[in-house]
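>>> Sharing a model that was predicted from the sequence below.
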Amino acid sequence: MDVRPARPQDLAELVRLCAEHARFERVDLDVTGLAQRLGWALFGKEPRLWAWVVEAGGPLAGYASAGVEFSTWSGRPYLHMDCLYLEAPMRGTGLGRRLMDEVFAAARQAGCAEVQWQTPPWNAPAIAFYRRLGAQGAEKVRFRAAVGDR
């Protein structure tokens, strides 16, 4: 099994994993045009996102993605890990830690002092995993609204 940066030829598989991840988190996801938008964000002229994938001898088996944000409170950039997902058979194999190692390496390379992310409050295995890594939880409720609604 290998963890490596995503490549343009991974986009279709990455979209499949995004859809699986959304189903796991009980969210409806319209993947129409997603490969093109991810391609622009990951591999365009000015990339805004990094992604790493898990190769396990067949279709990709997991991924993580992250991008740099800025914290008003600290006055510093941080890396926001948007997604970390492993297919069920890959969980507990050390691949999650390897993906997190890649995320933290990218944070160091980008000059970020911190990585932030979220997980659903019902995802006890993920919460336990993140706590084993030394991460601390922050109680918040995440909101989202389409720009067209305003």
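That came through, no problem. Numbering: from 1, shown residues only.

>>> For the residue sitting nearest the centre point of the chain, which residues are in contact?
For the chain, the residue nearest the mean C-alpha position is C83 (2.1 Å; CA atoms, centre = their mean). Neighbouring residues of C83 by CB atoms under 8 Å, 6 or more residues apart in numbering: 18, 21, 63-65. Every residue, glycine included, has its C-beta placed from N, CA and C.

>>> ok, R76 touching A110?
No - counting by CB atoms under 8 Å, no contact exists between R76 and A110, whose distance comes to 11.1 Å.

>>> got any ranges where the protein has weak pLDDT?
The chain contains residues with pLDDT under 70 at 149-150.

>>> Helix or strand: which one has V103?
Assessed by DSSP states H and E, V103 sits inside helix 95-109.

>>> secondary structure class for R4?
For R4, the assignment made with DSSP: H, G, I helix; E, B strand; the rest coil gives strand.

>>> same thing with P77?
Using three-state DSSP, the structure places P77 in strand.

>>> quick one, what contacts it?
Residues near P77 by CB under 8 Å, 6+ apart: 68-71, 110-113.

>>> which of these has the most neighbours?
Across the contacts of P77, neighbour numbers were computed from other CB atoms under 10 Å; C112 holds the maximum, 21 neighbours.

>>> these two touch, right, that one and Y78?
Yes - C112 is within contact range of Y78, at 5.1 Å (criterion: CB under 8 Å).

>>> quick one: common contacting residues for those two?
With CB under 8 Å, 6+ apart, C112 and Y78 have common neighbours V68.

>>> circling back: list the contacts of the helix holding V103.
Residues outside helix 95-109 that contact it (CB under 8 Å, 6+ apart) are 1, 3, 5, 50, 52, 54, 61-64, 66, 78-79, 81, 84, 86, 114-115, 129, 133.
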